[in-house]
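A.B. asks: test case, fold it:
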Amino acid sequence: MEFTTVIANLGKHAAGIVAETPLSFPTTTEQVQAALRAIGVDGVRYEEVIVKDYSIGIDGIAPLLGEYAHIDELNYLACRLERLSPEELTKFIAAVRHGDYCDGVQDLINLSYPCNLEQYTLLPEVQTYEDYGRYLVDSRRDFSLPKEARFYFDYAEYGETTAINENGDLTPQGYIFHHRSATFQEIYDGKEIPQEYKVFQYPPRVKVKRLNPKHGRDSPRHKRQ
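C.D. replies: Numbers count the residues shown, from 1 in each chain. All right, here's what the predicted structure looks like:
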C-alpha cells in the first residue's frame, strides 16, 4: 500500500524558499537522514520539518495526519498498516470512513491493533439499507419474521432504522458498526513511541579538518641562526 509524503524544511518554507523532498514509509533512519540532508535540515541552523503532501492508499487518512505529524509517528502508523492482513485492512479502511476513534494519528495507530479492530463488525455483502434489513431478518438477530409476512415487510426502513440506532454506516467496503459495549484500548498514548519505530535522526555533521597555516617569516624555521 502506498504511503508517501513530501516533507519540507519548515524554516525555509516560512521564508518562501522551496526546500522539499519525497519520503516513503515505512522508512529507515538512513533514508530519513538523506531526506533531511536534501532539504537542509541539519539540527543546527534548521531543525523542523513540515509535511506538505500525502499520497496514501486509504481515502480520508491524510487530513487526519496534518502538516505537523512527526516522522516517527508516521513510521509507526505505516508499519502497523503493513502488518494488517487484507481482511483487517479492509475493516480498518471502513472504520476510518465510519469516523469513530479517528481523531488524529494516535487514534489511527490504536485502531490498527486487533483488540480495537475486533470491536467492529463489517458486513461486506451489505451495500444498502435493504440489504441490511434482509440480513437482519434472515439471521434472526432481533426477531423471527414469519415467511408470509416477508412479502409486506419494509426491509430498507428496518435496515436504516437499525443502522441509525446502532450508529452504523454504509461504506464502499460494506456495512460497519462499532459494538457499544466494547471499550477502545489505548495502546499508544501519543507520547512514548516504541523504539522499533523510531527513525528520526539529524544527518551526522561533517567534520572539516583545518589545515595548518603555512609557516610565516617569523616561524622558528625562518629565524636566522
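A.B. asks: what's the closest non-adjacent residue to the residue nearest the centre of the chain?
C.D. replies: Geometric centre of the chain, nearest residue: L77, 4.6 Å, by C-alpha atoms, centre = their mean. Among residues not flanking L77 along the chain, I109 sits closest, at 5.2 Å (C-beta to C-beta, 6 or more residues apart in numbering). For the C-beta atoms, the positions are set from N, CA and C on the backbone; glycine is no exception.
A.B. asks: and for that neighbour, the neighbour number?
C.D. replies: I109 sits with 23 neighbouring residues when counted by other C-beta atoms under 10 Å.
A.B. asks: hang on, it packs against Y76?
C.D. replies: Yes - counting by C-beta atoms under 8 Å, I109 sits close enough to Y76 to count as a contact (5.7 Å).
A.B. asks: list residues touching both of those two?
C.D. replies: By C-beta atoms under 8 Å, 6 or more residues apart in numbering, I109 and Y76 have these common neighbours: Y188.
A.B. asks: any idea which helix or strand of the protein has the worst average confidence?
C.D. replies: Using mean pLDDT, DSSP states H and E, the weakest-scoring helix or strand in the chain turns out to be helix 62-65, at a mean of 92.
A.B. asks: who touches the very next helix or strand once past that helix?
C.D. replies: Per DSSP states H and E, the first helix or strand lying C-terminal to helix 62-65 is helix 71-82. Contacts with helix 71-82, where a contact means C-beta under 8 Å, 6+ apart, come from 1, 3, 5, 7, 23, 25-27, 32, 49, 51, 58, 65, 89, 92, 105-106, 108-109, 112-113, 188, 193-194, 196-200.
A.B. asks: one more time with 6 Å, if that's ok
C.D. replies: Contact with helix 71-82 is made by 3, 25-27, 105, 108-109, 112, 193, 197-200, as judged by C-beta atoms under 6 Å, 6 or more residues apart in numbering.
A.B. asks: same deal with stretch 39-59?
C.D. replies: Contacts with stretch 39-59, where a contact means C-beta under 6 Å, 6+ apart, come from 1-11, 13, 19-21, 62, 67, 69, 93, 202.
A.B. asks: what residues sit buried inside that stretch?
C.D. replies: 39, 41-42, 46, 49-51, 54, 56, 58 (16 or more other C-beta atoms under 10 Å).
A.B. asks: report the contact partners of the residue nearest to F184 when sequence neighbours are not counted.
C.D. replies: Take F184 and drop its neighbours on the chain: the residue closest to it by C-beta to C-beta, 6+ apart is Y101, 5.2 Å away. Residues near Y101 by C-beta under 6 Å, 6+ apart: 107, 111, 184.
A.B. asks: for T171, state which of those residues is nearest.
C.D. replies: Nearest to T171 among these, counting by C-beta to C-beta, is L111 at 14.5 Å.
A.B. asks: give the burial count for that closest one, as a bare number.
C.D. replies: With other C-beta under 10 Å as criterion, L111 counts 23.
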